[in-house]
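Asks: my questions are about this predicted structure, shown below with the sequence.
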Amino acid sequence: MPQFDYDLFVIGAGSGGIRAARVAAAAGARVAVAEVSRVGGTCVIRGCVPKKMFVYGAQFAKDGRYRERLGWAGTEGTFDWQVLRDNVSAEVSRLEGLYRQTLFTHNINLFRGGARIVGPNAVDVAGSHLTAEKILIASGAKPTIPDVHGVEHGITSNEIFELESLPRSIVIIGGGYIAIEFAGILNSLGSEVTLLNRTHTILRSYDAELTAKLVDIYRARGIKLLFSTSLVGAERDVNGRIAMELSNGDHLVADALMFAVGRSPNITALGLDEVGVATGPNDGVTVDAENRTSVASIFAVGDVTDRIQLTPVAIREGHALADRFFNNRPADIDYTAVPSAVFSDPPLASVGLSEAAAKAAGIEVDIFSSDFRPMKHALQGSCERAFYKMIVDRASGAVIGLHLLGPEAPEILQIAAVAMRAGATKQHFDDTMALHPTMAEELVLLR
């Protein structure tokens, strides 16, 4: 008889956990997954997927303001938040069904409930005590809630998709990608948006020249940005609105308050301390190159490690882990030059080193950039501009950083990232014929 109930027990049915479970099961492993919420994890259920759908709705609203310039006369339609919300919710439910089907077709047992690790090879979940040769922690991350008075009056990115109506005004706390994205979405849909950030800059991991330009665009769009300011406390007033006191002594009143101050590894109630699984400064589970924790039979992938909180990273880690142990196929993961995007309006996308990071590393660089007005904006009569920036190693000519701000920037960057990872030099870009008229052609015309 088998020594354990399962070969692999996965805690968390998100992108990384499901990928590991599916690949392991396809290789013949006995696999089970425990999930306390909906199958699909943060990205599918309450993160990047529904967020991107709301971005589409916001983009349609923004483009609609220029309809007459494009020859479309007549009465402009009205926006119904509940229709967008419910259509997004229905699509998310469809995707959740596909994820559940994946588990079913691969004979993976799904346990509904939170799992607690009670030994190197044992978990308790939904009233059952189960054993496994390997345990994989893939429980993701959760919104960080600040310790301020009146925090209960605010919402997070978890609840924003469930609001009954579009808030007439909202204060968003934070300067990271979630705060910036929802500021753009809600502004385009018609909310009065104030962004409150305790530091002097936004999107700190991105190139400062691009983020400064995005700040200018947001301010021109009517978004209020307050820097080096934090929330002291909040109260619900007699009219049902939220009254807020700020660290600079000012006061704000808005219909809604959203906290977007980061995400923390979701390790609550997992029992890590009891079994000796080490965690880092931000509660991220500490892992080695094989995603093994301080306990030899326990592993972790994705956001719970607080390494790079991106869905494709979690998927790659989960796949590599399953290949390594169940397909006898060693797989190393290269975490350098991971592309990322902020679906702001306009979106920002980046891969490789920023100018500041390259110089801090002692690399002598040449900077190539283009500040241009997209043809679409010219036709619409908008003065909004796009900005592309390339960081080149002066000694080798290799492109070591690409940073784009403008329409469809993430779509353009994904292909450019392939070239960069393949070792493309600035000369390779220069030698490539431009595809005209496109925004992407700016990448081969940079001077």
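Replies: Yep, it's here.
Asks: secondary structure element for F9?
Replies: In this structure, F9 sits in strand 6-11 according to DSSP states H and E.
Asks: need the pLDDT of W72.
Replies: For W72, the pLDDT comes out at 86.
Asks: what is the neighbour count of P167?
Replies: Residues lying near P167 (other Cβ atoms under 10 Å) number 24. Backbone N, C-alpha and C define where each C-beta goes, glycine included.
Asks: distance of the residue lying closest to it once chain neighbours are set aside relative to T102?
Replies: Nearest residue to P167, sequence neighbours excluded (Cβ to Cβ, 6 or more residues apart in numbering): A256, at 3.8 Å. The gap separating A256 from T102 is 36 Å, by Cβ to Cβ, to the nearest Å.
Asks: so which of the two has more stuff around it?
Replies: Shown here are A256 and T102; by other Cβ under 10 Å, A256 has more neighbours (22 against 17).
Asks: list the contacts for the more buried one?
Replies: Listed by Cβ atoms under 8 Å, 6 or more residues apart in numbering, the contact set of A256 reads 155, 163, 167, 169-171, 242.
Asks: can you count the residues close to I415?
Replies: Neighbours around I415, by other Cβ under 10 Å: 10.
Asks: tell me which other helices or strands the helix or strand containing it touches.
Replies: For I415, the host element (DSSP H and E) is helix 409-421. For helix 409-421, the elements it packs on are strand 340-342, strand 348-352, strand 399-405, judged by 3 or more Cβ pairs under 8 Å, 6 or more residues apart in numbering; DSSP states H and E.
Asks: can I get those strands in JSON lines with mean pLDDT and mean neighbour count?
Replies: Compiled in JSON lines, these are given as follows (pLDDT from 0 to 100; neighbours: other Cβ atoms under 10 Å):
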{"stretch": "strand 340-342", "mean pLDDT": "97", "mean neighbour count": "22"}
{"stretch": "strand 348-352", "mean pLDDT": "98", "mean neighbour count": "25"}
{"stretch": "strand 399-405", "mean pLDDT": "98", "mean neighbour count": "26"}
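Asks: any idea which of these gets closest to G57?
Replies: strand 340-342 (17.7 Å; Cβ to Cβ).
Asks: tell me the SS of A357?
Replies: Secondary structure for A357, judged by DSSP: H, G, I helix; E, B strand; the rest coil, is helix.
Asks: what's the closest non-adjacent residue to it?
Replies: G401 (7.8 Å).
Asks: that neighbour and I391 touch, don't they?
Replies: Yes - with contact defined as Cβ atoms under 8 Å, G401 counts as touching I391 (3.2 Å).
Asks: which residues do the two both contact?
Replies: What both G401 and I391 touch, as defined by Cβ under 8 Å, 6+ apart, is the set 352-355, 358.
Asks: select the longest strand from this protein.
Replies: If you go by DSSP state E, the chain has its longest strand at strand 128-137.
Asks: other SSEs contacting the very next helix or strand once past that strand?
Replies: Next helix or strand after strand 128-137 toward the C-terminus (DSSP H and E): strand 141-143. Judged by 3+ Cβ pairs under 8 Å, 6+ apart, strand 141-143 is in contact with strand 263-265.
Asks: buried ones in the helix or strand that the strand it packs on is followed by, by neighbour count?
Replies: Later in the chain than strand 263-265, the nearest helix or strand by DSSP H and E is helix 272-275. By 16 or more other Cβ atoms under 10 Å, the buried positions in helix 272-275 come out as 272, 275.
Asks: quick check on the shared contacts of G401 and I391: which are buried?
Replies: 352-355, 358.
Asks: from those residues, which single one is nearest V232?
Replies: Nearest to V232 among the buried ones among the shared contacts of G401 and I391, with distances taken as Cβ to Cβ, is S354, at 32.8 Å.
Asks: give the contact list for the nearest residue to the closest one once chain neighbours are set aside.
Replies: Nearest non-adjacent residue to S354, counting by Cβ to Cβ, 6+ apart: D207, 4.0 Å away. Contact analysis of D207 by Cβ under 8 Å, 6+ apart lists 350, 354-356, 389, 401, 403.
Asks: quick check: D207 vs G16, distance?
Replies: 28 Å.
Asks: L252 too?
Replies: Distance of L252 to G16, computed by Cβ to Cβ: 38 Å.
Asks: quick one, which of those two is more surrounded?
Replies: When neighbours are counted by other Cβ under 10 Å, L252 and G16 differ, and G16 comes out ahead with 34 against 18.
Asks: which residues touch stretch 218-235?
Replies: 146, 148-151, 153-154, 171, 173, 183-184, 187, 192-202, 215, 242-248, 250, 257, 344-345, 384.
Asks: among those, name the buried ones.
Replies: The buried subset of the contacts of stretch 218-235 - by 16+ other Cβ under 10 Å - is 148, 150, 153-154, 171, 173, 183-184, 187, 192-198, 202, 215, 242-246, 257, 344-345, 384.
Asks: assign A395 to helix, strand or coil.
Replies: Secondary structure for A395, judged by three-state DSSP, is coil.
Asks: leaving out chain neighbours, which residue sits closest to it?
Replies: In space, A395 is closest to E364, 6.6 Å off (Cβ to Cβ, 6+ apart).
Asks: please list all residues in contact with that neighbour.
Replies: E364 makes contacts with 393-395, as judged by Cβ under 8 Å, 6+ apart.
Asks: what does the strand holding F9 rub up against?
Replies: Taking Cβ under 8 Å, 6+ apart as the rule, strand 6-11 contacts 17-18, 20-21, 24, 29-34, 109, 115, 117, 123, 130-139, 270, 322, 325-326.
Asks: that one vs strand 128-137, what angle?
Replies: Using axes from the mean of the first three to the mean of the last three Cα atoms, to 10 degrees, the inter-axis angle of strand 6-11 relative to strand 128-137 is 80 degrees.
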